[in-house]
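Trainee: Give the three-dimensional model of this entry:
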Amino acid sequence: MIENHYFEFPNYLRKDGKPLFFFGALGQYHAEHGVTECCRMIDMVRNILESNGTDVFLVGDIADYLQETEAVKKLDGVAGYYTNSWGLMAARDRETLFEKKNADGSTINMAPFTALVEGSIRCYKFWKKVCDKERVAFIPPMSPTGFCNRAAYEEGIDSWGMLEFSSPTPQEFDLVCKSAKQSVDPELKMVTIVGNDYVEGAAGGEVTLEYGDSFLRVLRGTFVEEGPIPYGFSFVPVIENT
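Mentor: The predicted model follows:
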């Protein structure tokens, strides 16, 4: 990234002139190696970047466990947080999930998309409050897909088990978008959108035969604030000759 001068590209996202640098799985790294080692890693990353003339806005990936608020308070040098732990967003609502323990120790959890919507909204409110108190930015995550790793589970790739939030609708996703917009950092104004359409078998924000561009319309309707929608298209299925 440094050698290829990616940070210098004009389209690279910045805050206060600093390019955003995302530390993936920071919460997991903290849990496995402890505060001291995690802070050492953060310092090492910053030193490497600064030695190459780059001062970054460091954003850490955290899980939305309540107990991990202590990690937020103890980790110096992190300017913002986001989370990509979709399954954990509904962890407090276990009664809404169908849970099955398999003989090999793996777990199958299934729930309607509504559970993910409710969990996401609760996650936004909780982490926004924590991050505001610690004076760091919070980046709300959103998933128009629900979540489904059924294909990866059945192929033996996800040995931990299966999680499936089924039957997402644009109307429910609209609730997620509106709540996320209320929770964004007022200066950063950023959300992360994760789609699992072709990878994990769920409905997605991408254009598909089943959903058209309905989820994209929800995104545009919520986050395009000024003027006309900048682009539009019609979706025509392509039929290959056989």
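Trainee: so residue 190 makes contact with residue 14?
Mentor: No - using CB atoms under 8 Å, residue 190 is not in contact with residue 14; the gap is 11.0 Å. Placement of C-beta: from N, CA and C, glycine included.
Trainee: which of the two has more neighbours?
Mentor: More crowded of residue 190 and residue 14, by other CB atoms under 10 Å: residue 190, with 17 against 14.
Trainee: Now the more buried one. Nearest residue, chain neighbours left out?
Mentor: Of all residues not flanking residue 190 in the chain, residue 139 sits nearest, at 5.2 Å (CB to CB, 6 or more residues apart in numbering).
Trainee: distance between the ends of stretch 138-150?
Mentor: One end of stretch 138-150 to the other measures 30 Å (CA to CA, to the nearest Å).
Trainee: actually stretch 9-19, sorry about that
Mentor: OK, stretch 9-19 end separation, CA to CA: 10 Å.
Trainee: Need the mean per-residue confidence for that stretch.
Mentor: For stretch 9-19, mean pLDDT is 81.
Trainee: next structured bit after the lengthiest helix in the chain?
Mentor: Counting by DSSP state H, the longest helix found in the chain is helix 26-51. Later in the chain than helix 26-51, the nearest helix or strand by DSSP states H and E is strand 57-61.
Trainee: Run through the helices of this structure in chain order.
Mentor: Under DSSP H, the chain gives helices at 26-51, 69-74, 113-134, 150-154, 170-183, 197-200, 214-223.
Trainee: I'd like to know which of the ones you listed has the weakest mean confidence.
Mentor: helix 197-200 (a mean of 47).
Trainee: The longest helix of the chain to strand 57-61, inter-axis angle?
Mentor: 160 degrees (axes from the mean of the first three to the mean of the last three CA atoms, to 10 degrees).
Trainee: so what does helix 26-51 touch, helix or strand wise?
Mentor: Helices and strands touching helix 26-51, by 3 or more CB pairs under 8 Å, 6 or more residues apart in numbering; DSSP states H and E, are strand 18-23, strand 57-61, helix 69-74.
Trainee: Give the buried residues for it.
Mentor: Judged by neighbour count (16 or more other CB atoms under 10 Å), helix 26-51 contains these buried residues: 26, 27, 29, 30, 38, 39, 42, 46, 49.
Trainee: Columns distance to residue 152 on top of these, output as CSV?
Mentor: Listed next are these as CSV, based on distance: CB to CB, whole Å:
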residue, distance to residue 152
26, 23
27, 22
29, 23
30, 26
38, 28
39, 33
42, 31
46, 34
49, 34
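Trainee: so the residue nearest to residue 190 touches residue 191, yeah?
Mentor: Yes - counting by CB under 8 Å, residue 139 does reach residue 191; the two are 6.4 Å apart.
Trainee: where do the contact lists of those two overlap?
Mentor: Counting by CB atoms under 8 Å, 6 or more residues apart in numbering, the common neighbours of residue 139 and residue 191 are residue 184.
Trainee: who are the neighbours in contact with the closest residue to residue 141 other than its chain neighbours?
Mentor: Distance criterion CB to CB, 6+ apart; nearest residue to residue 141, sequence neighbours excluded, is residue 192 at 4.8 Å. Neighbour list for residue 192: 82, 84, 139, 140, 141, 142 [criterion: CB under 8 Å, 6+ apart].
Trainee: Check the spacing between the third one and residue 193 real quick.
Mentor: So the one you mean is residue 139. 11 Å (CB to CB, to the nearest Å).
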